[in-house]
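Undergrad: need a structure here:
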Amino acid sequence: MVEESVGGPAEGRAPTSEILASIKEAEVKVRNMAREAEAQKEKIVADAKREAIEIREKSTKESDAYISQLIRDSDSKIEQERKRIFSDAEANAGKVRSQVNSKIGEAKESLIKDFMRSLDVQA
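TA: Coordinates of the predicted model:
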C-alpha cells in the first residue's frame, strides 16, 4: 500500500501518518505541560497558604507581645499612681491629725477656761 500524503507527493508534503504522529506527539507534550503547570500551580498555592499561616502566626505573636507590654506598662503606671495617691493621703492625714490635735488643744483650753470661770462664779 502506498502512503498517501496530504496535497499529494508533487507538493512535497509529509505523508499523513507522519502528520498524525506529529499531532499525537504535540498532544502528549501539551498534556505534559498542562500537568506540570497544574503541579506548579498547586505548589504555588500551597506555598502561599504556608506563608500566610506563618505571617498570621508571627503577627499573632507580635500582637500578643505588644499587648503584654501595654499591660505591664499600664500596671506599672497604676502602681505608681496608687503609691502617689496613698502618699498624698498620708500627707493629708498628717495635716488633718495636726489640725485635730490643735483643735483638741484649743478645746481643752476652752473647757479649762470655762471650768475655771464656772468655779469663779460659784465661789
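
Undergrad: wait, is Lys41 part of a strand?
TA: No: read with DSSP: H, G, I helix; E, B strand; the rest coil, Lys41 is helix and lies in no strand.

Undergrad: just the pLDDT for it.
TA: Reported pLDDT at Lys41 in the predicted model: 98.

Undergrad: got the confidence number for the residue nearest in space to the middle of the chain?
TA: Residue closest to the mean C-alpha point of the chain, counted by CA atoms, centre = their mean, is Ser63 at 2.4 Å. If you check Ser63, the pLDDT there is 98.

Undergrad: tell me how far Ala52 lies from Tyr66.
TA: 21 Å (CB to CB, to the nearest Å). All C-beta spots, glycine's among them, are computed from the backbone N, C-alpha and C.

Undergrad: next one: Ala26
TA: 58 Å.

Undergrad: from the chain's centre, how far out does the host helix or strand of Ser22 sit?
TA: Element membership of Ser22, judged by DSSP states H and E, is helix 16-122. Remark: helix 16-122 is offset 10 Å from the chain centroid, using CA atoms, centre = their mean, to the nearest Å.

Undergrad: let's have the chain start at 545 instead
TA: Understood, numbering begins at 545; the last thing we discussed is helix 560-666.

Undergrad: is Arg557 in a helix, a strand, or coil?
TA: Following three-state DSSP, Arg557 is assigned to coil.

Undergrad: what's the burial count for it?
TA: Arg557 has 13 neighbours, counted by other CB atoms under 10 Å.
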